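1. Give me the fold of what follows.
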Amino acid sequence: TDHIFDPTAIMESQNMASGLAQNLVPPGNKFFALKTLDRQVRDVEHIKRYFSEITEIAHEKLFASNFMLQLIETLRSLVVFGTGNLFSEFKTRLVFKDFAIGTYQIFENADGTVDTMILKYPLTAKQATEEFENPGKLVDDAMKLDETQGTKFEFIHIVRPRKKRNPNLSNNLNMPYESVFVSVKEQEIVDEGGFDEFPFHVPRWQKSSSEKHGRGQGTEILPQV
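-> Here you go, the predicted structure:
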């Protein structure tokens, strides 16, 4: 946003993201339905009612969260830069978070699906203490000095397929995807965990078979600009 002389592109990206959001998630309407692929039970009446009920619950949980707010930010990144990144997890409720394109690196598996995410972002001492049980000595010192908001500390978050795990154990250190947080200054792991499924949704606008990141309207128009 430095040295902007014409805000047309910014306003148009907002309009395009808003239009996409309204078409993908029509206000007041359900935009997906859950069903089973098992043809033998698909038409059983009480099973149909069950899937209808959990579809309703899923929509209620989504719209009670920050889903729409973060989705529009992801769509803006998608249409302008060609790559979006929306994180989702369930704590006491559903939580979504969009990450700006300059804050992460993605890697694909052999099928071309993104299965590894490396994020780097700052947290205040207060935020780091809320996020991690052991955020590190520097954060602890800042909290003791009551520097809860001024100083920021950088952390790297890595989520990738776990190489070694015991599938018979259900704790978060044996889940299919490992989650590791590292303090940049102290170069130490401050938190380890895992996910049953890859928690990042990474759409690409246009992508050739040899490219990892997508191409959006903003990148395609650069020669004309």
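2. for the chain, what spans make up the helices?
-> With DSSP state H as the criterion, the chain has helices at 8-24, 39-42, 45-63, 67-81, 125-131, 137-144, 217-220.
3. Out of those, which is the most enclosed?
-> Mean neighbour counts were compared across the helices of the chain using mean count of other CB atoms under 10 Å; the top stretch is helix 67-81, at a mean of 20. C-beta here means a position set from N, CA and C on the backbone, and glycine is covered the same way.
4. quick one: average confidence on it?
-> The predicted model gives helix 67-81 an average pLDDT of 95.
5. repeat for stretch 28-42
-> On average, stretch 28-42 scores 90.
6. how about the CA coordinates for it, as PDB?
-> Included here for stretch 28-42 are C-alpha records, laid out as PDB according to Å, rounded to 0.1, in the frame of the first residue of the first chain:
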ATOM      1  CA  GLY A  28     -29.000 -17.200   4.200                       C
ATOM      2  CA  ASN A  29     -28.700 -20.400   2.100                       C
ATOM      3  CA  LYS A  30     -26.900 -23.700   2.700                       C
ATOM      4  CA  PHE A  31     -23.900 -24.000   0.300                       C
ATOM      5  CA  PHE A  32     -23.000 -27.600   0.900                       C
ATOM      6  CA  ALA A  33     -24.700 -30.800   2.000                       C
ATOM      7  CA  LEU A  34     -23.300 -33.900   3.600                       C
ATOM      8  CA  LYS A  35     -24.100 -37.400   2.400                       C
ATOM      9  CA  THR A  36     -22.600 -40.900   2.300                       C
ATOM     10  CA  LEU A  37     -21.100 -42.500  -0.800                       C
ATOM     11  CA  ASP A  38     -22.600 -45.900   0.300                       C
ATOM     12  CA  ARG A  39     -25.500 -46.400  -2.100                       C
ATOM     13  CA  GLN A  40     -27.000 -49.100   0.000                       C
ATOM     14  CA  VAL A  41     -27.700 -46.800   2.900                       C
ATOM     15  CA  ARG A  42     -28.000 -43.500   1.100                       C
END
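7. All further residue positions should be reported with the first residue as 28.
-> Renumbered: residue one is now 28, and that last one reads stretch 55-69.
8. quick one: contacts of it?
-> The set of residues external to stretch 55-69 that reach it, using CB atoms under 8 Å, 6 or more residues apart in numbering, is 51-52, 74-75, 78-79, 81-83, 85-86.
9. again, only using 7 Å
-> 51-52, 74, 78, 81-82, 85-86 (CB atoms under 7 Å, 6 or more residues apart in numbering).
10. how near is the nearest residue to residue 240 once chain neighbours are set aside to residue 123?
-> Nearest-residue entry for residue 240: residue 110, 4.8 Å, with adjacent residues in sequence omitted and distances by CB to CB, 6 or more residues apart in numbering. Noted for residue 110: a distance of 17 Å to residue 123, by CB to CB, to the nearest Å.
11. Ok, residue 146 next?
-> Counting by CB to CB, the gap between residue 146 and residue 123 amounts to 15 Å.
12. circling back: turn the helices of the chain into CSV, including distance to residue 228.
-> Putting the helices of the chain into CSV (distance: least, CB to CB, whole Å) gives the following:
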stretch, distance to residue 228
helix 35-51, 12
helix 66-69, 27
helix 72-90, 13
helix 94-108, 8
helix 152-158, 21
helix 164-171, 30
helix 244-247, 20
